[in-house]
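S.K.: Sequence and predicted structure are below.
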Amino acid sequence: ILENNLQGEAVTEALATIRRNGEHLVTVINDILDLSRIEAGKRELREELTSLPEIAREACSLLDLKARQKDITVKEVFEENLPRIVVDEQAMRQVALNLVSNALKFTPAGGEVTVKVGRTQAGGQYVSVIDNGPGIPENELPIVLSAFGQGSISIKTAEQGTGLGIPIVQALVHLHGGNFTLRSA
């Protein structure tokens, strides 16, 4: 009976691995399609009045389990009384999720990620995600901003990525007429 149980556990583990790999493949395909639509000018914005703090809060909430598994503290610093803004809610949700997910991916256990939402000096609004991970060497910033580009830190880590998260964020922000800045120290 013990031997049959061990075989059953091996099958269950193999099926779980197959499922995880399948989900990763779907994510890769969706990222490629998203970026392709944006670059081809086929991604149209469905703009509506939306709360940027609500979108950022939702992204933090959706990624809370990942943060807790790595013992990472996520601080939310949202400016009070921000008015709703006209953006494509789905696109901004993807921007926030990609940025927070990336920060969690590269922040070491016990680290900290800060998500800020506030007003810009020009009267617009911003989302900022800051982490205390290893950073990106200055010479690798252009690589990280290019499709499928992964920096040396990313290549050395066990967590898989497509190298499309940041380019998608950059493209969606630019599609809205906004600015995307990536800084590392």
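M.R.: Thanks, I have the structure now.
S.K.: now the helices for this protein?
M.R.: 2-39, 52-62, 64-69, 89-106, 141-144, 152-156, 165-175 (DSSP state H).
S.K.: Least confident of those helices, on average?
M.R.: If you rank those by mean pLDDT, helix 152-156 sits at the bottom with a mean of 48.
S.K.: how close does the residue nearest the centre of the chain get to Val169?
M.R.: In the chain, the residue lying closest to the centroid (CA atoms, centre = their mean) is Asn98, at 1.4 Å. Applying CB to CB, to the nearest Å, the value for Asn98 to Val169 is 5 Å. For glycine as for every other residue, the C-beta is placed from the backbone atoms N, C-alpha and C.
S.K.: ditto for Val86
M.R.: Taking CB to CB, one finds Val86 at 19 Å from Val169.
S.K.: just Gly123 next, same as before
M.R.: 22 Å.
S.K.: Between these two, which has more neighbouring residues?
M.R.: The neighbour count for Gly123 versus Val169, taken as other CB atoms under 10 Å, is higher for Val169 (23 against 6).
S.K.: Who are the contact partners of the more buried one?
M.R.: Going by CB atoms under 8 Å, 6 or more residues apart in numbering, Val169 touches 94-95, 98-99, 180.
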